[in-house]
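>>> take this sequence and fold it.
(one chain, ligands or ions: 1)
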Amino acid sequence: MSIFSEVKEYLTARQAAEYYGLQVKKNGLACCPFHDDKHPSMKIDKNYHCFACGVGGDAVDYVSRMFGVSQYDAALKLIEDFSLPVDAKGNAELSVREKERIRREKAERERVTRIQERFEKWCIQTVDILRGCISEVDSVNHFLIGKPPDIIFSEDYAQMLHAEPLINYWLDILCMGDVSERRGLFLKDRKKVEEIAGKIGAGRKRIMECSRGSA
Ligand SMILES: [Zn+2]
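Numbering: from 1, shown residues only. Got it, this is the predicted structure:
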């Protein structure tokens, strides 16, 4: 049972209101303290209701409205002021558990945000890297025009030409794919992207050096 229901079992709105100074007539009517009431327009017993301004509720609600505090604080106030045998501790423990749940959810949201940021950053960097690869292949293509066949038919150049469609495919995914496709690439082929970019860079360097040596 919540402390609200427990407090309400012990106290009527009238008991609480009278304790905090409301004058209630024998017929259960009182001048409403929540608006400028000249003639009694509040009916108060287990609950209270003002026929003029429309406010109403139970003992906890009355105290909450009267003192401008939360329903929870109002219940605690009633427990204390009336020395009610209601154990607020159970509720405090629940509140600790609730705080722990909120803390865990916040940590999880932050973790997801961090992964998301890393992923977005990776996508941007990888587009740059892959575009760099394509321009390296292009520059090698140009470079090899008129070069001797032993350089043109090198293993490095063969690897570059083989990798080019794959690089273009990855670029398509990164630039035009939806999030799930990009995420798939990130999760599945992150290493492969690095590996191929590394191979192309190194291959280009070797081709240039080898050609300079043979020239
Ligand atoms: Zn009123």
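>>> centroid-nearest residue for the protein?
Geometric centre of the chain, nearest residue: residue 109, 4.1 Å, by Cα atoms, centre = their mean.
>>> which element is that one on?
Element membership for residue 109, per DSSP states H and E: helix 89-143.
>>> which secondary structure elements does that helix sit against?
Taking 3 or more Cβ pairs under 8 Å, 6 or more residues apart in numbering; DSSP states H and E as contact, the helices and strands that helix 89-143 lies on are helix 155-176, helix 179-214. (Each C-beta comes from the backbone N, C-alpha and C, glycine too.)
>>> so for that helix, what's the average pLDDT?
Taken as a whole, helix 89-143 carries a mean pLDDT of 86.
>>> change the start of the numbering to 481 and stick with it
Taking 481 as the first residue, the last one we looked at is helix 569-623.
>>> stretch 521-538 vs the ion: in contact?
Yes. Against the ion, stretch 521-538 shows contacts by Cβ under 5 Å from the ion at 530, 532, 533.
>>> return the distance of residue 622 relative to residue 683.
The gap separating residue 622 from residue 683 is 15 Å, by Cβ to Cβ, to the nearest Å.
>>> just residue 617 next, same as before
Applying Cβ to Cβ to residue 617 and residue 683 gives a distance of 9 Å.
>>> off-centre distance for stretch 546-564?
34 Å (Cα atoms, centre = their mean, to the nearest Å).
>>> going by neighbour count, list what's buried in the one helix or strand in the chain whose mean pLDDT sits lowest.
Taking mean pLDDT, DSSP states H and E as the measure, the helix or strand of the chain with the lowest value is helix 629-632, at a mean of 83. Neighbour-count burial for helix 629-632, counted by 16 or more other Cβ atoms under 10 Å, picks out residue 631.
>>> likewise for stretch 602-620?
602, 603, 606, 609, 610, 613, 616, 617, 620.
>>> which residues are contacting it?
637, 640-641, 643-644, 647-648, 650-651, 654-655, 662, 666, 670, 673, 676-677, 680-681, 683-684, 687-688 (Cβ atoms under 8 Å, 6 or more residues apart in numbering).
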